[in-house]
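> A structural model of the following input is requested.
(2 chains)
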There are 2 protein chains.
Amino acid sequence: VLEQAQSLFPGNPVLVCASKGIELSSLKPMSQVVKDTLSSLEPRYAILSGPSFAREVSQGLPTAVSLGCADKNLGQELQAILSTKTFRVYTNPDVQGVELGGAIKNIMAIASGISDGLNFGHDARAALITRGLAEMSRLGVSLGAQAKTFMGLSGMGDLVLTCTGDLSRNRRVGLELGQGQNLEQIVSQMKMVAEGVKTTEAVHNLSQDLQVELPITEQVYRMLYSGKDPLQAVTELMCRELKEE
Amino acid sequence: VLEQAQSLFPGNPVLVCASKGIELSSLKPMSQVVKDTLSSLEPRYAILSGPSFAREVSQGLPTAVSLGCADKNLGQELQAILSTKTFRVYTNPDVQGVELGGAIKNIMAIASGISDGLNFGHDARAALITRGLAEMSRLGVSLGAQAKTFMGLSGMGDLVLTCTGDLSRNRRVGLELGQGQNLEQIVSQMKMVAEGVKTTEAVHNLSQDLQVELPITEQVYRMLYSGKDPLQAVTELMCRELKEE
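Okay, here's the model as predicted:
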């Protein structure tokens, strides 16, 4: 396999990653952690992310995703290899924007689960998703990503899927918080930790370092880690000072 | 009532409109039609739009909407009058952006209904919503609206609600098209015409005048008005040339 890969991509190894996240200890995004860890290999890095339930992809249902790759030529080669008639890959040179969207949307999935757990309805959830995307984009831009990436498949697309599609682990955490359970009870019932729980802590810490205001993340953090009452938290979010959009 | 209103807002009459649309004969947005029709009164115009199911608003569930008003001071006065603890109004000076979002999203609701009618799954719908917002924004900007308005409650928020919430008339039209019925059969079963059907025709005509490429609107138009096969239309949408996002 390695020989085959090397004949396809002579030169430094190519790494196509589908994992997104922010390392809690270093507050670095996954692409940076990978590059640091494998620095002696000088890998060429690409990240695949977007609205893609594995079950639907495997059933051959139409799916479109982003491929973040700083090297445009490599991005186009990978695009041609990875795309099929039903799995459509769109390139984007903004690696950090693509991966941050995939990571931060999990916080918004928890928030929308909380709203659903409080039976707040579709209007509130749509408002949360809208504000959530603005928050994702604001943090991303402050880290050097492009705002327009958050408008794409790996940003808005994945956010909408995760907040309105089947119940993901992250949304389930939110739903149960909204229904009155605390984090310890919820986590003890889950086989795998919902990654959004850790991402919330990492992004909360990042926002303090960067002095970026992230009101939804802040309230989710307080509910998860300080036992803040969900009804109180969501009410505070909704009743912020009235201003321009 | 008129006297009361005049004491609140001395001067030219204030009109807060919740209807959005594009007049088919003139291809003018509602705000312009109203201004032309009532030109002798020189009304001051505001448009209220956003993710708001009437049932949820009336139940006191949290809802946040945009108020498009070119006059900032008037916008703030109306914001204070219309907002309650659970109904939150955010001002936006971009009247045209607010109303266009509310109108064009109905085309995307038909498109997402078609996708659901073809059983294409959550991934395809999320991709359609993402591309749909880009298309809404592209048309809006070509008409003089602000791109960022489409990122807000009256754009993305309303789009997400309409494409993922309860089955609206527009989504129902799409769903039944996707399941193989034609427009005549569908409309004959409905008490009220879904406004997205007319909006699709108006926006199709506009896009030809303006030379703006609107691939989703174009395919919805062909399905509605030329009997194009939905599977073929959606397949063409998905299989467009692979490129950057």
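> measure residue A:72 to residue A:93 for me?
6 Å (CB to CB, to the nearest Å). (C-beta placed from N, C-alpha, C; glycine too.)
> dump the residue contacts of residue A:222.
The neighbourhood of residue A:222, defined by CB atoms under 8 Å, 6 or more residues apart in numbering or on different chains, consists of A:228, A:233.
> pLDDT wise, what is it at?
pLDDT recorded at residue A:222 is 97.
> what about it, helix or strand, and which?
Element membership for residue A:222, per DSSP states H and E: helix A:215-225.
> CA atoms of that helix as PDB?
Once non-C-alpha atoms are left out, helix A:215-225 reads as follows in PDB (Å, rounded to 0.1, in the frame of the first residue of the first chain):
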ATOM      1  CA  PRO A 215     -21.700  33.900  24.200                       C
ATOM      2  CA  ILE A 216     -23.100  30.500  23.300                       C
ATOM      3  CA  THR A 217     -19.900  28.700  24.000                       C
ATOM      4  CA  GLU A 218     -19.600  30.500  27.300                       C
ATOM      5  CA  GLN A 219     -23.100  29.500  28.400                       C
ATOM      6  CA  VAL A 220     -22.600  25.900  27.300                       C
ATOM      7  CA  TYR A 221     -19.300  25.800  29.300                       C
ATOM      8  CA  ARG A 222     -21.000  27.100  32.400                       C
ATOM      9  CA  MET A 223     -23.800  24.500  32.100                       C
ATOM     10  CA  LEU A 224     -21.300  21.700  31.500                       C
ATOM     11  CA  TYR A 225     -18.600  22.600  34.000                       C
END
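> Could I get the buried residue list for it?
A:216-224 (16 or more other CB atoms under 10 Å in any protein chain shown).
> Give me the distance between the nearest residue to residue A:207 once chain neighbours are set aside and residue A:80.
Computed as CB to CB, 6 or more residues apart in numbering or on different chains, the closest residue to residue A:207 that is not its neighbour in sequence is residue A:214, at 4.6 Å. Distance of residue A:214 to residue A:80, computed by CB to CB: 38 Å.
> And those two? Which one has more around it.
It is residue A:214, of residue A:214 and residue A:80, that has more neighbours when counted by other CB atoms under 10 Å in any protein chain shown, with 24 against 10.
> so what pLDDT did residue A:187 get?
86.
> Run a quick neighbour tally on it.
Number of residues near residue A:187 (other CB under 10 Å) recorded here: 16.
> count of residues packed around residue A:14?
When neighbours are defined as other CB under 10 Å, residue A:14 has 18 of them.
> For it, give me its contacts.
Here residue A:14 is in contact with A:5, A:43-44, A:46, A:74, A:78 (CB under 8 Å, 6+ apart).
> which residues does it bridge with?
Beta bridges link residue A:14 to residue A:44, judged by DSSP bridges.
> Tell me how far it lies from chain B.
18 Å (CB to the nearest CB, to the nearest Å).
> what's the answer for residue A:184, then?
Per CB to the nearest CB, residue A:184 is found 28 Å from chain B.
> Is it correct that that residue falls within a helix?
Yes - residue state for residue A:184 (DSSP: H, G, I helix; E, B strand; the rest coil) corresponds to a helix.
> Just the pLDDT at it, thanks.
pLDDT, residue A:184: 89.
> Residue A:207 too?
96.
> for the contacts of residue A:14, which one is nearest chain B?
Chain B lies nearest to residue A:78 out of these, by CB to the nearest CB, at 11.0 Å.
> Would you double-check that that closest one falls in a helix?
Yes - Residue A:78 sits within a helix when classified using three-state DSSP.
> isn't it right up against residue A:67?
Yes - assessed by CB atoms under 8 Å, residue A:78 is found in contact with residue A:67 at 6.0 Å.
> Overlap of the contact sets of these two?
With CB under 8 Å, 6+ apart as the test, residue A:78 and residue A:67 both reach A:16, A:46, A:89, A:91.
> still on that earlier bit, quick one: buried ones out of the contacts of residue A:14?
A:43-44, A:46, A:74, A:78.
> got TSV for the residues you listed, with pLDDT too?
Shown next, in TSV, are these (pLDDT from 0 to 100):
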residue	pLDDT
A:43	88
A:44	92
A:46	96
A:74	95
A:78	95
